[in-house]
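**Q** here's a sequence, model it:
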Amino acid sequence: MKWIGILLLFLSSSGMGLYASQCLRNDVRRTEKLIALTEECSAYIRYQQPELDELIDILSTNPTYQEFHFLRNISENSNPYLMPSAIWIDAIRNDSAVPIPTREILESLGHVLGTTDIEGQLSALELHRIQLQQTLSGCRERYQKQGKLYQSLGILTGCMLGVLLW
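**A** As a prediction, the model looks like this:
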């Protein structure tokens with residue numbers, strides 16, 4: 001019975017370390033998808049020139065971005081009596097799939113999309129894409145340093161608890 005308890009403590013602490021490392025990895029992957037989202041927005045605006053609600057509808061149905069609920073929320077909650085930026089910011093803040101380091105950048109983008117001419121929107125998207133790339137490099141660096149640390153700490157904590165309870 002004692003062995004089972006020790007094994008469970010080891011597995012749970014190791015699992016917590018692996019989970020924390022996986023969260024950092026997810027931030028990297030999701031930030032990469034958000035960069036691709038800004039690039040796709042630029043392409044649509046440049047070549048098809050859709051209205052903001054049409055653009056959001058197109059992106060919300062794209063399977064690449066299905067994990068981001070903010071696109072679908074913006075599409076569903078669009079209201080001619082509310083400012084699109086208010087809907088955008090609210091949707092970003094309520095989407096747990098959006099990495100925390102990227103939220104401020106995306107909220108800033110919500111203030112610009114649909115409010116300027118095509119060249120202004122393209123310039124804003126390029127600026128926000130560059131900011132997201134800088135955030136991505138920080139996320140990658142954090143994952144490389146802290147990801148392995150979390151994994152090791154989880155395993156070592158499990159070993160330590162096993163030795164202490166032995």
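
**Q** ranges for the helices of the protein?
**A** For the chain, the helices identified by DSSP state H occupy 2-47, 52-60, 69-77, 84-93, 100-112, 118-142, 148-165, in order along the chain.

**Q** buried set for the second one?
**A** By that I understand helix 52-60. Buried residues in helix 52-60, defined by neighbour count with 16 or more other CB atoms under 10 Å: 52, 55-60. C-beta: built from backbone N, CA, C; applies to glycine.

**Q** F10 contacts M160, correct?
**A** No - using CB atoms under 8 Å, F10 makes no contact with M160, being 9.5 Å away.

**Q** between those two, who's got more neighbours?
**A** In this comparison of F10 against M160, neighbours counted by other CB atoms under 10 Å, the higher total goes to F10 at 19 against 13.

**Q** which ones are touching the more buried one?
**A** The neighbourhood of F10, defined by CB atoms under 8 Å, 6 or more residues apart in numbering, consists of 158-159, 161-162.

**Q** over to L59?
**A** For L59, the set of contacting residues under the criterion of CB under 8 Å, 6+ apart consists of 37, 40-41, 44, 65, 71.

**Q** in JSON lines: those, plus neighbour count and distance to D95.
**A** Output for these, formatted as JSON lines (neighbours: other CB atoms under 10 Å; distance: CB to CB, whole Å):
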{"residue": "L37", "neighbour count": "21", "distance to D95": "13"}
{"residue": "E40", "neighbour count": "17", "distance to D95": "18"}
{"residue": "C41", "neighbour count": "23", "distance to D95": "17"}
{"residue": "Y44", "neighbour count": "15", "distance to D95": "21"}
{"residue": "Y65", "neighbour count": "19", "distance to D95": "11"}
{"residue": "L71", "neighbour count": "22", "distance to D95": "9"}
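
**Q** so where's this structure shaky on pLDDT?
**A** Residue ranges of the chain with pLDDT under 70: none are present.

**Q** so which of the contacts of L59 comes closest to C23?
**A** Distance to C23, by CB to CB, is smallest for Y65 among the contacts of L59, at 19.7 Å.

**Q** fine by me, thanks again.
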